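Engineer: Okay, predicted coordinates and the sequence, questions at the end:
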Amino acid sequence: MIIEVNNLVKRYGDLTAVDHLSLAVNDGEVFGLLGPNGSGKTTTINCILSLLEYDQGEIEIFGQPMTPESYNIKRDIGIVMQNVAVYNELTVYENIDYFCGLYIPNNKLRKKLVLEAIDFVGLDEYSKFYPKKLSGGLLRRLNIACGIAHKPKLIILDEPTVAVDPQSRNKILEGILELNRQGATIIYTSHYMEEVEHICSRIMILDKGKAIATGTNGELKAMINMGEKITVQSNYMSAEQLAKISQLPNIVSAEHNSPLLVIKSSRGTNNLETVLDFIKKERIQHSKIYSELPTLNDVFLELTGKELRD
Amino acid sequence: MQVFRLCLKILKKQIPSMLIYIIIFLAIALIMSSATANEQQQDNSFTRAKSNMALISEENTPLIDGFKQELGKVANFVELPDDHEALQDALYFRSVSYILRVPEGFTESFMQGENVQLEKTIVPNSISNTYIDLCIDQYFNTARLYVQQMENISQESLVQYLKSDLAVGASVELKTVSDQSVNHNYANYYFNYLSYSLLSVLILGMAALMLVFYDSELKRRNACSPLSSKSVNLQFILAILVFTVLSCLIMVTFCILFNFKNSLNLNTVYFIINSFVFAVCGAGISFLIGNLVKSHNAIPAISNVVTLGLCFISGVFVPLELLGNTAIKIASFTPTYWFVKANNQIAELTQFGFADVEPIFSSMLIQIGFALAFFAAALVVNKKRRFD
Amino acid sequence: MFAHIFIYRLKCLLRDKETIFWTLLFPLLLAVFFNIAFANLNKGEIFKAIDIAIVDDVNYQSNQYFKTALNEASQGDDRLFNLTVASKEKADQLLINNSISGYIVVENPINLVVNRSGLNPNIIKSFIDNYMQTVSSVNSILLADPAKQQELLSSLGNRQQYIKEISGTAAEPNNILNYFYTLIAMACFYGGFLGMREITDIQADISPLAARINVAPVHKLKTIISSMSASLLIHLTEMLLLLIFLRFVLQVDFGSKIGFVILTTVIGSIAGVTFGALISALVKKSEGIKVAILIGVTMFGSFLAGMMYQNMKYIVAQKIPVLSYLNPVNLLTDAFYCLYYYDTFSRYALNMGILSIFIVIFCVGTYSIIRRRKYASL
């Protein structure tokens, strides 16, 4: 077990930011913390890192309790903060070298690690640049390099892709997976579900400081009683036809808001075929028909009754 | 009036920083007012400020006794032990500004017509010390006349002669047109110092305003809005104007509050007019700086260099009379110099005919000229910046 | 680890233009301003001839002695008066306009008409008094022995100086020095900009950068000591540059105890840097507010120590003596002046003692705030 959090509570005055949260991260995982802004992701991370005081709960990293003085634990953690945290007066190389130097006293080894980190985030051409001259995406990559240059066993990335262009974002995500392949355990927080779906092996969904679901991508989707969502573009149908659709086998609900008919089915096979047959039979005017598998957004919507995107 | 309101909102955010300057200024003004309070009474009659001195006499003779009496007319004696450190301390803390030592054997040598001297240790540049110097030299020079001309004159009769000689003096007629109970020293100080804080506040506010307002993104958005650029500019100017007038008004009001009994006269009106003229000039300087400054961090730096620089070399902190010719020459190229000069002239005004106030108005005109120059320069910079 | 942090701190701070401006350029600029403004005070060219008028009437024209004396005083480069001979009406007008400081009417006794008290009217009066007193003495002597007339006239002309100035101390009392000493004290306290940055860069609840430092496996005290050392080194170097500039370019006199002057600067520098650290730790507001507080407090302290108005220092010392001991800028200014002025060290030691207490307060205050390794909120 890399991280174990037990019953964590953090309050800001009347507001409970983290509400009796427990989580466990296993060795070699990419663990995703997913939730809308304000759901308590960053607060949880800061508590895990012993930056924040918390009201209740226990936190263990690498099997030892985490305190501000746990330097042995800290030595093996790499952290990429939500806000870009670099020195404006230092160049790209110097920034990475400085932060790396807080972990690695050996100069030779450090030099090698810093060059590797620069190469890893693709900043080779920019190593003499000052942060002010870097674009948003490059700055984010520098921010990441500063956190991971010392090759930590545990890497915590707190929304590293906010306000990043698609190319940089892909580069960053691929990099995270590469780090994982090299053996690092990763905690990744985001409110972009596609990212989380894409890279995380296990996901915890947070809302209002509470864990509302934990599991693999598939497990999460399995939690909700939804197989597929069939959408039919149709301008008109009678109330009678609508009622009949919802009574078809495996169909959970059908709603018609002209011009869209949205049919949700529970798990099962041939659901689309049944619907198509019915439409043909009833001669319902239609144009496009398409079917989608549920997304994490649907999971979130189902569990909390609200959209994940904010 | 959206733009106008936006400007005021931006300025409001600067209030905490500006307030620090205003509070410090007012604290200084209060201290000055208590410090000058003592000077207020003296002007009804012709007086000499008596300074405190210590007379340490190593001998006791009739000549020195008479001298002491004479000296008492221009100085207050403070008893001090004849101890090196105590004397140093006394000078250092200005409990006396003059220490005079009569060496042993002085009288004897003097009576024999020898050239002898008393020893003084003083606080330099203290004006009242000049009177003591004059008094001592006069006493012994007069005494020397008698010693030279009347052989074997006794100390006692010498002192008698001196006493009657030194009793004569010019009669002084104090001729004033205005009410002498009014004293403009404080107002003069206050308004001179006002240039420092007013300028600080104006630069801080204006530069912050310009930074936000001329931020390229925001400017582009404004340019896309259906408001005519004329209307935007007019509202902007209106906001600057309101800000300038308000800042000036606040500081002027406090002067009148602190110094109410000396404020109900025409001089105050002139002080206020001069301050507003200077405020316009300050607005020009700030506008120019606002056009030049590129980052928020640079604002306090520029503001401090400009305000302290102007105030030190143009007579706000160091009185104009004490500035060297070079300094005055440099200073005359700054608006603060003309502001201070006008203030000093206003403080001396006792009559308000055209001829009396003319030099004041010309100082104000020069300030307005500076204001126009600053605004013109700012517009040039602004235009250049727009094309960048 | 110490070297690693120390060297990178040096790099960071030396490239921070704003901090370098406040801690080095600003005091240098101010020193130049001072030098321009006080150039004259040094040379003592202060006296300017006084504008006066004499009422041109029969009495004046017939009083040959006074006429001669007055004309003599109004001639030459070092003349006392700029004399205008005018009618009474004209003289009145000139006085009302403030074109002259006063006018003289030859009557018995001689009458001086002025419109206020002050230095110039007093000098005019002294001149007339001296004239009249000498006339009185001459009359007394001639009354006793009329034969002396010739001899008397010749000895009248050579007046003697009966006072010589001796320095009661190690050095001449000097008013301009205090201005430069307050400037050094101010520059010491602007070292606060460095201390301020140190705290901002290490307190996770102030900057995200600091949060990153906080999760690194380095003890916080070690981090702060390493980076504070870098700040102090930079500030001390800057202060030395300032001292060198003042001493050798502007020729400011520091007295003979150079070693102590440097020691005082070191202590002042520490006081300034720790002062900034305390402000930064205490005030959790924006950078702008912190800077405004640092500048404001330092400027106010400098004002009370006499930076803008020299006598302020003595007004404070006489009216509110406690304040002169509670104002660290004044303590520092005073310490420099003591080194220059006093032979003994007692007063200097008192200043440095109180200043050291301030340093302890700044350090303990700062440490008690940053000691917390966990934060209530970020």
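Structural biologist: Everything's here; your move.
Engineer: ok, how many other residues are close to whichever residue of chain B sits closest to chain C?
Structural biologist: In chain B, the residue that lies nearest chain C is B:G324 (3.3 Å; Cβ to the nearest Cβ). Placement of C-beta: from N, CA and C, glycine included. Applying other Cβ atoms under 10 Å in any protein chain shown, we find 19 residues neighbouring B:G324.
Engineer: I figured it hits B:I330, correct?
Structural biologist: No: with contact defined as Cβ atoms under 8 Å, B:G324 and B:I330 do not form a contacting pair (9.6 Å).
Engineer: Give the buried residues for the one helix or strand B:Q69 maps to.
Structural biologist: Assigned by DSSP states H and E, B:Q69 falls within helix B:62-71. Within helix B:62-71, the residues that count as buried by 16 or more other Cβ atoms under 10 Å in any protein chain shown are B:63-64, B:66-67, B:70-71.
Engineer: And stretch A:280-299, by the same measure?
Structural biologist: Across stretch A:280-299, burial judged by 16+ other Cβ under 10 Å covers A:284, A:286, A:289, A:291, A:294-296, A:298-299.
Engineer: tell me which of those is nearest to chain C?
Structural biologist: Using Cβ to the nearest Cβ as the measure, the one of these that approaches chain C most closely is A:L296, at 27.6 Å.
Engineer: Need the nearest residue in space to that closest one, chain neighbours excluded.
Structural biologist: Leaving aside its chain neighbours, A:L296 sits nearest to A:M193 (4.1 Å; criterion: Cβ to Cβ, 6 or more residues apart in numbering or on different chains).
Engineer: For that neighbour, the count of nearby residues, please.
Structural biologist: Neighbourhood size, A:M193 [other Cβ under 10 Å]: 22.
Engineer: contacting residues for it?
Structural biologist: Going by Cβ atoms under 8 Å, 6 or more residues apart in numbering or on different chains, A:M193 touches A:34, A:295-297, A:300, A:308.
Engineer: a markdown table please, covering those and showing secondary structure.
Structural biologist: Shown next, in a markdown table, are the contacts of A:M193 (DSSP: H, G, I helix; E, B strand; the rest coil):
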| residue | secondary structure |
| --- | --- |
| A:L34 | strand |
| A:T295 | coil |
| A:L296 | helix |
| A:N297 | helix |
| A:F300 | helix |
| A:L308 | coil |
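Engineer: List the buried residues in the lengthiest helix in chain B.
Structural biologist: Secondary structure of chain B per DSSP state H: the longest helix is helix B:354-387. For helix B:354-387, the neighbour count (16+ other Cβ under 10 Å) marks B:356-357, B:359-360, B:363-364, B:366-368, B:370-371, B:374-375, B:377-378, B:381-382 as buried.
Engineer: ditto for stretch A:177-188
Structural biologist: By 16+ other Cβ under 10 Å, the buried positions in stretch A:177-188 come out as A:179-180, A:184-188.
Engineer: now stretch A:235-254
Structural biologist: Buried positions in stretch A:235-254, judged by neighbour count with 16+ other Cβ under 10 Å: A:237, A:241, A:244-245, A:250-251, A:254.
Engineer: Please apply the same query to stretch C:32-41.
Structural biologist: Within stretch C:32-41, the residues that count as buried by 16+ other Cβ under 10 Å are C:32-41.
Engineer: do the same with stretch C:244-259
Structural biologist: Buried positions in stretch C:244-259, judged by neighbour count with 16+ other Cβ under 10 Å: C:245-246, C:252, C:254-255, C:257.
Engineer: What is the lowest-pLDDT residue among the residues you listed?
Structural biologist: By pLDDT, C:G255 ranks lowest within the buried residues of stretch C:244-259, coming in at 82.
Engineer: I'd guess that one is in a helix, am I close?
Structural biologist: No: under the criterion used here (three-state DSSP), C:G255 is coil, not part of a helix.
Engineer: any idea how far C:T264 is from it?
Structural biologist: With distances taken as Cβ to Cβ, to the nearest Å, C:G255 is found 11 Å from C:T264.
Engineer: what sits in contact with each of the two?
Structural biologist: Counting by Cβ under 8 Å, 6+ apart, the shared contacts of C:G255 and C:T264 are C:L339.
Engineer: quick one: contacts for B:A75?
Structural biologist: Contacts of B:A75 (Cβ under 8 Å, 6+ apart): B:50-53, B:98, B:131-132, B:135.
Engineer: Now residue 295. Nearest residue, chain neighbours left out?
Structural biologist: Just going to use chain A. Using Cβ to Cβ, 6+ apart, the nearest residue to A:T295 is A:M193, at 6.6 Å.
Engineer: Switch to chain C, please.
Structural biologist: Per Cβ to Cβ, 6+ apart, closest to C:I295 is B:P300, 6.3 Å.
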